[in-house]
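Visitor: 3D model of this:
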Amino acid sequence: MLKSWRIFQSILVLGFFIFAHTGCEKKVEEKKVEEKKGYQILTKSIDKMTIVYVEHVGPYEQLGPLFGQLAVYAGQKGLEFNMVGLYYDDPATVPAESLRCELGIQVDEGFEPDSGYLVKEIPPHKVVYAVMRGAYDRIAMEYPTIMKWMGEKGLKIAGPITEIYLEGGPDVPPEQLVTEVRFPVEE
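Guide: Okay, the predicted model is just below:
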């Protein structure tokens with residue numbers, strides 16, 4: 001019974017995530033870059049991370065079922081997890097039908113996935129990151145501010161933007177959601 005409740009909670013969290021992200025790419029284009037952010041932009045080194053994931057090509061509005069699928073899978077496998085999104089393309093420059101992303105769950109090294117799932121190791125790397133509190137649709141709107149900061153520091157993006165969803169759920173008000181956004185960088 002507890003396992004079923006966890007799966008149900010996970011699906012609700014993911015449904016809320018997708019609802020909040022719907023239309024995000026249009027809002028990014030309309031956002032004016034603000035210097036007052038309410039978060040810090042920092043750098044750090046990331047240890048190796050292993051994820052089990054599914055690939056997606058197409059509009060972000062189609063991600064809902066994949067997040068739900070991953071939540072159910074995690075529940076079936078008894079995984080305690082943070083959802084991870086790796087976003088390869090800029091929706092302001094890439095047509096919606098060509099956007100590429102990988103949605104996954106952090107797992108232990110050596111995890112053997114079921115058919116239909118892939119596993120990847122993300123090697124250690126340096127990132128520019130920010131831990132942001134607030135609605136998911138607001139987070140991507142801050143990307144230009146972070147990228148401007150990176151440019152001022154002479155840093156260039158060197159891989160997919162990664163979002164780690166740290167706190168959320170159907171009982172969490174949007175202003176209390178917490179997401180860590182990571183930009184892999186090279187100098």
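
Visitor: F67 is in contact with H56, correct?
Guide: No. Taking Cβ atoms under 8 Å as the definition, H56 is not a contact partner of F67, at 10.1 Å. For every residue, glycine as well, the C-beta is placed using N, CA and C.

Visitor: got any residues that touch both of the two?
Guide: When Cβ atoms under 8 Å, 6 or more residues apart in numbering defines a contact, the residues bordering H56 and F67 alike are L103.

Visitor: between those two, which one's more packed in?
Guide: F67 (23 against 17; other Cβ atoms under 10 Å).

Visitor: so how far is the one helix or strand the more buried one maps to from its chain's centroid?
Guide: Using DSSP states H and E, F67 sits in helix 64-77. Distance of helix 64-77 from its chain centroid, counting by Cα atoms, centre = their mean, to the nearest Å, is 15 Å.

Visitor: quick check: buried residues in that helix?
Guide: Residues of helix 64-77 classed as buried by neighbour count (16 or more other Cβ atoms under 10 Å): G64, L66, F67, G68, Q69, L70, A71, Y73, A74, G75.

Visitor: and of these, the nearest to P160?
Guide: Of all those, L66 has the smallest distance to P160: 16.0 Å, by Cβ to Cβ.

Visitor: how far does stretch 90-97 sit from its chain's centre?
Guide: Using Cα atoms, centre = their mean, the offset of stretch 90-97 from its chain centre is 17 Å.

Visitor: if you could redo that for stretch 51-67, that was the one I meant.
Guide: 11 Å.

Visitor: how about the residue nearest to the spatial centre of the chain, what does it touch?
Guide: Closest to where the C-alpha atoms of the chain average out (Cα atoms, centre = their mean) is E163, at 2.7 Å. Applying Cβ under 8 Å, 6+ apart to E163 gives the contacts V84, G85, Y87, I139, T179, E180, V181, R182.

Visitor: alright, I will stop here.
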